[in-house]
Structures are given as structure tokens and as C-alpha cells.
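Q: no sequence for this one, just the structure:
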């Protein structure tokens, strides 16, 4: 595997659309070590990822769909590049939401359940449209699956599932620009 | 007051940098009615707001600082326009954060307390820098105050407090592009 990671490394090198980064390695759980990619706050890498994702977007895509938080800048820039509108599912109920669609996420990454919220006014924008689901990083695929269910419940059709990065083995089909390693430290 | 709102209105008209919107009126609490402005998903209004905020940014600003979620696209575009880096305080602890700064927010808008989290790696970027705190909407000012405290604790200096909109009477100094009304329905 070309993107293998050993325990001696401090950083992990990536290159995306001509932009290079030395990602820090983090240990989110005692038994896992992985490179951390953060698009928020990184204008250059966000734009490079959006430009590469634009090439993968099917021509029939009518709307981009994601959830907060870390994918927002990516999808915003992709929306600017393509002229396609976008919607963002929230991870907390907002006080102004009317009759929101509520979708549970089984996130294996965090070991806890999350909930996605999409207000009815927002959900209407998905109805009858070809929707591209876009995320910065897909790990287990739980969030992606929850977004898909929201699209279906809102009356939209999924036309693509794209991620800037995959990390681990998502349990759902997704096309990504790049695969990031994840090493298990369990003995 | 030129931006008064009466109970018969369904929408509220705004104009910002040549972009007009009819904002829906929402009732987040039984006794409050207000126009809802949402920059997320609105590329055109976000860019107009960022362009107007750019004019208000002091020349000494070295870094933009905000918190999730609704201000992210605004600050990202402002960062692209100005070339200034930005950082985003989170509202939930992320599993990869190391020794985060933790700051309570007393949010009068929601009537509940929130917490802001800023990982040490991110906090380092604020150290010794002139920081502009940027938000989409400032209501009570509680979030703005919490962001200010994070800047101080990280060793940065506040050089401006800017918002696209104020709504209500913030208890802190803030310069905004526009004031939105808030009506009390209490009899």
C-alpha cells in the first residue's frame, strides 16, 4: 500500500491539485493514529480540492448537499466554481427550524450517535432535484448514509457521492480524490 | 426607526452591496419575531457581505477569527478576498484536539449556555497577532465576547469586531453593515 504509515512518522505528505501539505498525525482514540486534514482555515487546499471535485461532478447535478462543519468551506467554493446552489444539514436543531427532517447518524468514527437536522424550507430545495452529496473526509460512511437518507426523504435523487478524502474503509460507495491511511495501534 | 417591523409582514427586505433579499420572518421564541438571514447556501449574499466587510477591516489585521457554523462561509470568502488567514473556534470538542482552550458562552439568544473549543495548534496561530473577530449576526454579543476571551487567552490582540448584521442590542461594541429588527410580541 503506497500510503502506508509507520509509527515513527510525525507528519504525512499529501499533494492535491499542485498544493502540498505535511499533515500532522493525531491519535483520536488510544488505538488509532491518522493524518489530520483540516480544510477550514486553509483557503489554498480548499480551492484545490474544490477544483478537483468539480471535474468529477456529473453534468446532471443540480444541487450540492453536505453537513456542518468541516465540509462547509469546500462546498461553498465548489458552489462558487460551478454556479450550483448548496444546502447544509445541521448537527443541532436551530430555534428557527420549522418541521425539520431529523436523521440519526451512526458514526463509527466517534463511537457516538449524531443527529442531522434539515429545516423544511431547506428540504424543499432538494425536492425533485439531482443532488450531489459532498464531504471533506469520509471514514465509516455513516454521515454520508445519513445525508443520502435526507435527500431521499426530501424527495431528491442522489446523482453522486464525492469526498475530497477517504480514510479507512467506508461502508458505502464514494468517489474520493485521495485515500488517507489510518493505522491501528492495537497489539 | 427605519427598520421597524410590524406583525402583518411576511418578509423583510434587505439590500447589501447591490444584492437584495426578502428575508423570511421567523419566531424562534413565543415572544420574538425576526427576519432570518442565512449566509450558508447563499453564495451571492455571502460575497457581497464579505466585500463590504473588507472595506471596514483595519490595515493592521493579521488574522480573521470566528466560530462555527453560520459565519464560516463569510469568513472563508473574506479570507480569500484579503489574503488573511483565518481560524474557526468549534462548538463541540473534536477528538483530535490537544489541550484545547475552552470558553463558555452565555448566549441570551438561545437561553442556554454554549461552549467554544479551540485546539492548541489553532490557538498558536493567534499568538502575537492582530486579530479581527468576524461574525455573520451579532445579537446579544455573548458569542462575540467569548471569541474575544479566546483571542486574549491565546495571546492575540483584538483589532476589530465586525458583523455583517446586528439584531437587537449587543452588549458589546461591534461594527456591522446593517441592523436587523427584532420585535417583541409580549403584551
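A: Thanks, I have it. Predicted model, so just to flag it, every value in this text is computed and none were measured.

Q: Residue A:184 bridge partners, please.
A: residue A:32 (DSSP bridges).

Q: Can you name the residues of chain A that neighbour chain B?
A: A:24, A:26, A:28-29, A:36, A:40-41, A:43, A:46-47, A:68-69, A:72-73, A:76-77, A:79-80, A:85-88, A:90-92, A:95-96, A:98, A:109-110, A:121-122 (C-beta under 8 Å from any C-beta of the partner chain). Any C-beta I mention is one placed from the backbone N, CA and C, and that applies to glycine too.

Q: which ones among those are found in strands?
A: Mapping the residues of chain A next to chain B onto strands (DSSP state E) picks out A:24, A:26, A:28-29, A:86-88.

Q: which of these has the most neighbours?
A: residue A:87 (27 neighbours; other C-beta atoms under 10 Å in any protein chain shown).

Q: if I look at that one, how far off is residue B:42?
A: 11 Å (C-beta to C-beta, to the nearest Å).

Q: ok, now residue A:64?
A: Residue A:64 is 13 Å from residue B:42, by C-beta to C-beta.

Q: Of those two, give the one with the bigger neighbour count.
A: residue A:64 (26 against 20).

Q: what pLDDT does the closest residue to the more buried one other than its chain neighbours get?
A: Nearest non-adjacent residue to residue A:64, counting by C-beta to C-beta, 6 or more residues apart in numbering or on different chains: residue A:86, 4.0 Å away. We note a pLDDT of 98 for residue A:86 in this prediction.

Q: Residue A:86: what's it in contact with?
A: Contacts for residue A:86 (C-beta atoms under 8 Å, 6 or more residues apart in numbering or on different chains) come out as A:63-66, A:75-76, A:78-79, B:41, B:43.

Q: In helices, which of these fall?
A: Those of the contacts of residue A:86 mapping onto helices are A:75-76, A:78-79, B:43, per DSSP state H.

Q: Throw those into TSV and include neighbour count and pLDDT, thanks.
A: What follows is the ones in helices among the contacts of residue A:86, written out as TSV (neighbours: other C-beta atoms under 10 Å in any protein chain shown; pLDDT from 0 to 100):
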residue	neighbour count	pLDDT
A:75	29	98
A:76	28	98
A:78	27	98
A:79	23	98
B:43	19	98
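
Q: could the ones in strands among the residues of chain A next to chain B go into CSV alongside distance to residue B:136?
A: What follows is those, written out as CSV (distance: C-beta to C-beta, whole Å):
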residue, distance to residue B:136
A:24, 29
A:26, 30
A:28, 30
A:29, 34
A:86, 16
A:87, 17
A:88, 13
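
Q: quick one: which helix or strand includes residue A:106?
A: Following DSSP states H and E, the helix or strand that holds residue A:106 is strand A:101-107.

Q: quick one: contacts of that strand?
A: A:89, A:113-118, A:120, A:123, A:140, A:142-143, A:145-147, A:149-150, A:153-154.

Q: Starting from that strand, tell me which strands it pairs with and how they run.
A: Checking strand A:101-107 against DSSP bridges gives partners strand A:112-118 (antiparallel).

Q: which other residues reach the strand it pairs with?
A: Strand A:112-118 is contacted by residues A:67, A:87, A:89-94, A:97, A:100-107, A:143, A:146-147, A:150, A:154 when judged by C-beta under 8 Å, 6+ apart.

Q: Helices of chain A, residue ranges please.
A: A:43-56, A:72-82, A:120-124, A:142-153.

Q: Out of the ones you listed, indicate the one that is most buried.
A: helix A:72-82 (a mean of 24; mean count of other C-beta atoms under 10 Å in any protein chain shown).

Q: by how many degrees do that helix and helix A:43-56 diverge?
A: 50 degrees (axes from the mean of the first three to the mean of the last three C-alpha atoms, to 10 degrees).
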